[in-house]
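Student: Here is a sequence with its predicted model. Questions after.
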Amino acid sequence: MRLHSALAAALGAVALLCTAVGPATAAADPAETVTVDPTATLAADGTVTLTGTYRCTAGTGPVFVSSSLSQRDPRVRHGIGGSGARCDGAEHRWQNSGTVSSEALRSGTAHVQATLMELRPSGIVPLPAFHAVADQDVTLAQA
C-alpha cells in the first residue's frame, strides 16, 4: 500500500506540473485524446474518483493519465492520482482516485484537468511530453 501511495503522490505532483506547464505544450496529433466523464464521485472520507477515456499511438517512455480537480477557487488544484496508459492506438478507459480533505470539496460543479503525459528519456532525468490535455467541468456527486 505504501508503494501505491508513493506512486499516487508522484503522479499527483506530475498533474500539478502539467497544470503549471499548460496545454500549450501538448502534442497536436488529433489521433491522441483524453476525455473526462461528466460525473465524478466524492466519498464521505474525501476520496474523489475521476474517469474517462484516452487514446495514444506511441511512446518511448512510460505514459500516464494524470488528473487534478479544483472547486470554488481555480487557483487551488488537488492532484487526483494517476494511472498507467497503454499507447497502442486503441481507446481505453482510465480511472484515478485520490483523497482530499473532506472539508476541501463538496457536491456540485468542479473543474477537472486530465493529461495524457509521457516521461521521455532525456539524459539523466526523464522529461514530460504531453500527448493530450482535457479541461472540463464535471458534477461532483456523493458516492
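Tutor: Received it, and whenever you're ready, just let me know what you need. Bear in mind that the values here come from a model prediction, so they are computed numbers and not experimental data. Numbering: from 1, shown residues only.

Student: Tell me which residue is most central in this structure.
Tutor: Against the mean C-alpha coordinate of the chain, by Cα atoms, centre = their mean, the closest residue is residue 67 at 1.8 Å.

Student: Now for that residue: which residues touch it?
Tutor: Residues in contact with residue 67 (Cβ atoms under 8 Å, 6 or more residues apart in numbering) are 15, 36, 50, 79-82, 96, 112-115. The C-beta positions use only the backbone N, C-alpha and C, and glycine is treated the same way.

Student: so which two of these are the farthest from each other?
Tutor: 36 and 79 (14.8 Å; Cβ to Cβ).

Student: In terms of helices and strands, where is the residue lying closest to residue 84 once chain neighbours are set aside?
Tutor: Spatially, and ignoring its direct neighbours in sequence, residue 84 is nearest to residue 64 (6.0 Å; Cβ to Cβ, 6 or more residues apart in numbering). For residue 64, the element it lies in under DSSP states H and E is strand 63-70.

Student: pLDDT on that strand, on average?
Tutor: Averaging pLDDT along strand 63-70 gives 95.

Student: I'd like the distance from that strand to the chain centre, please.
Tutor: How far strand 63-70 lies from its chain's middle: 1 Å, per Cα atoms, centre = their mean, to the nearest Å.

Student: Identify, by residue count, the longest strand of this structure.
Tutor: The single longest strand within the chain, with elements called by DSSP state E, is strand 127-142.

Student: so that one versus strand 63-70, what angle?
Tutor: Relative orientation of strand 127-142 versus strand 63-70 (axes from the mean of the first three to the mean of the last three Cα atoms, to 10 degrees): 50 degrees.

Student: Now do the buried residues in strand 127-142.
Tutor: Neighbour counts using 16 or more other Cβ atoms under 10 Å place 128-134, 138, 140 of strand 127-142 among the buried residues.

Student: Tell me which two of those residues sit farthest apart.
Tutor: Using Cβ to Cβ, the buried residues of strand 127-142 span at most 30.0 Å, a distance reached by 129 and 140.
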